[in-house]
Each structure stands twice: as C-alpha cells, then as structure tokens.
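Visitor: any chance you can model this:
(one chain, ligands or ions: 1)
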Amino acid sequence: MFDVAIIGTGPAGLSAAITLKMREKSVLWFGPADMSAKVEKAEKIANYPGVGIVGGRELNARFRDHAREMGLESVDKLVTTVSKVGERFMLLAENEIFEARSVLLATGVVSAKGVPGEAEYLGRGVSYCATCDGMFYRGKAIAAYCAGSRYAHEVEYLAGIAARVYLYSPERELAVSGENVERLESPIAAVQGRDRVESVRLSDGREIPVDGAFFLRNAISPASLVPGLALDGPHIAVDRQLRTNIEGCFAAGDCAGRPYQIVKAAGEGNAAAHQILEYLARTPGDAL
Ligand SMILES: Cc1cc2nc3c(=O)[nH]c(=O)nc-3n(C[C@H](O)[C@H](O)[C@H](O)COP(=O)(O)OP(=O)(O)OC[C@H]3O[C@@H](n4cnc5c(N)ncnc54)[C@H](O)[C@@H]3O)c2cc1C
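Guide: Numbering: from 1, shown residues only. As a prediction, this is how the structure comes out:
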C-alpha cells in the first residue's frame, strides 16, 4: 500500500509529488506523462517566480524534466473511483485497483459538467470505463459518449460485447468500426431510470431505451470521482489546511478553487503535501 495517491500531473500534483518524494513517502501518481494540457496551452506566463517570462509549452517541459530529475513517473491512467474503506483508500484506474493511506485530488477544474443523472446512476448503469464494466452489458443496449479518438478503441470493445451501441461523439470524423454502432446526431442530455439506468434522453428530445451509459472522456467531475465528497459550487470544498470532508483526502490547485493560476496550484500542492505528512504521522506506523 502506498502512503499517498496523487491524482493529477499538473503543477499542483507535481509540486505535491516532489515534496512527498523528498520526505521519502511512497507516492502513487496518476495522470498523463505529458503533464498539464492547460499549462501547455498558456501563451506566456510572467508570474511564476524564478523562470522569467516563459511560454506554457516550455514551462510544461520544465515540469516534465523536474519530475524526471526527481525520479517521479506517473501512471498514465484515468482514475475513475476513489473510495475510503476503513482507514485506507481504494482507487480504481482502468481496471486496476490501487491502495493508499491518503489521497490528494489535484485534478484541475473539470469543464465537462456531466449530464443530469450521470452521478446519480454511477455504478447502476453509468460507467466511465469500458474495459472495467463492458462485460456486464453482453447482448444489451448501451449509449456511449466518446470524447475523441483516444477512446475509440473503448467504443469498439463495447461494440464487441453489446447488442447495440448508440454513440455520440463531438468528433465528427471519429472512426469506429462495428455494424451494431449507431451514430447519434444529438448529444446525450440526461440519463434516466428508476433503480438503474433505463434510457437516455438526447438534446433533441428523443429517448432511447438502454441498459447502460458509458461516458468516455479524460475528466470526471469530483462528485463522480469520490462519492460523498463535499463541493463548493464547481470546486471541491476544502478548509485552509486543504482538507476535504473525507479524512485523509486533500485537494489542491484549480479543483480546490480560484484563482486558476499555475503558481497558486503549485503552492497549494506543496501546502497539501505538508498536511499529508502530518496526517500520515498521526496514523499508526509512521513518524514525521
Ligand atoms: C489557455 C489557458 C491559458 C492559461 N494561462 C495561464 C497563465 O498565463 N498563467 C497562469 O498562472 N495560469 C494560466 N492558466 C491556468 C493554469 O493552467 C491552471 O491554473 C493550472 O494548470 C492548474 O493546475 P492544476 O495542477 O490544478 O490542474 P491542471 O493543470 O489542470 O492539471 C490537472 C491534471 O490532472 C489530470 N487528471 C484529471 N482528472 C484525472 C483523473 N481522474 N485521473 C488521472 N488524471 C486526472 C489531468 O489530465 C491533468 O494532468 C491557463 C489555462 C488555460 C486553459
């Protein structure tokens, strides 16, 4: 079991990972190896101390170099569920389960809000991982939202199992094979049902009866990622120690609130790391 699981390879996650590594904690770090897509997109950053005026691409490259220098390597998997079981956290990432004593959410701000019913029916017909849950839909009808070509293979995997896949993707040119795949013109607007998912409603008002709905995208809203997590509007509710309402679970960076700034994210990552060190020291079998 790891001391800490950090979710996010942006400046918040990186900063926390560096500090925790320096303090010789075992760190399990999730997120893309190319780090933050947001930092990469920033045209010019002028307020990150010590680096002068720098382009986002260059700063992101320096972040990658720094991680490498520190011997930090991320697990390039999307974490889909974090749950606390007794004193430990279980993390599900693309079919694999990991365990950690504490968790830092450094997931950035999630622009995909999710659709009504998505969080409610998670685990009752809604899934974020085709390879984890696809087999439960053998011979059944499912709806799938596919954010882009990175997830096309997941749709094809579903098509090989389900009787019918109703697919919506904002990427018109998305190439997905499978005779049982029906492309939808309108996006999925809501997931509906009683005890479980029974249908999806499209934005044009059409209702399609389905047994499940898969949302294949690179971001998951915090409420769906960590059931029971308290929110403050679109952000994760944290106190000044960056603690969430779940003991042992911390949040830093954009996901914990404005301003959305690289320097603030890195600072909070560091502050959260220190809080995590204190938390680990308070729990049995560890010392600061
Ligand atoms: C176009 C643009 C320009 C900007 N310009 C500036 C600027 O000039 N100056 C400035 O200070 N800030 C700027 N920002 C804002 C800045 O990029 C963010 O404030 C900063 O990147 C936040 O860092 P973060 O670590 O909180 O999150 P992010 O950088 O968003 O990183 C989050 C990471 O978590 C990963 N992740 C999320 N969910 C999961 C999951 N479930 N499993 C695994 N990994 C996951 C993501 O893939 C990503 O790697 C800009 C942002 C944009 C979009």
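
Visitor: flag the shaky bits of the stretch 101-250 of the chain, pLDDT-wise.
Guide: Across the stretch 101-250 of the chain, residues meeting the criterion (pLDDT under 70) sit at 112.

Visitor: quick one: the strands in it?
Guide: Ranges of strands within the stretch 101-250 of the chain are 126-127, 141-146, 164-168, 181-183, 188-193, 197-202, 207-209, 212-216, 231-232, 235-236, 249-251, based on DSSP state E, counting those that start in this stretch.

Visitor: what pairs with the fifth one, parallel or antiparallel?
Guide: Under the criterion DSSP bridges, strand 188-193 sits next to strand 197-202 (antiparallel) in its sheet.

Visitor: and the second one, by the same measure?
Guide: The strands beside strand 141-146 in its sheet (DSSP bridges) come out as strand 164-168 (parallel), strand 212-216 (parallel).

Visitor: surely L91 is in a strand?
Guide: Yes. Under the criterion used here (DSSP: H, G, I helix; E, B strand; the rest coil), L91 sits inside a strand.

Visitor: for it, list the residues it contacts.
Guide: Contact analysis of L91 by CB atoms under 8 Å, 6 or more residues apart in numbering lists 5, 7, 28, 30, 79, 81-82, 97-100, 103. In short, each C-beta sits where N, CA and C put it, glycine included.

Visitor: next one: Y166
Guide: 141-144, 182, 184, 200, 208, 210.

Visitor: if we can go back for a sec, reformat the contacts of L91 as a markdown table; add distance to A271.
Guide: Shown next, in a markdown table, are these (distance: CB to CB, whole Å):
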| residue | distance to A271 |
| --- | --- |
| A5 | 18 |
| I7 | 17 |
| L28 | 20 |
| F30 | 20 |
| V79 | 22 |
| T81 | 26 |
| V82 | 20 |
| I97 | 29 |
| F98 | 24 |
| E99 | 25 |
| A100 | 19 |
| V103 | 16 |
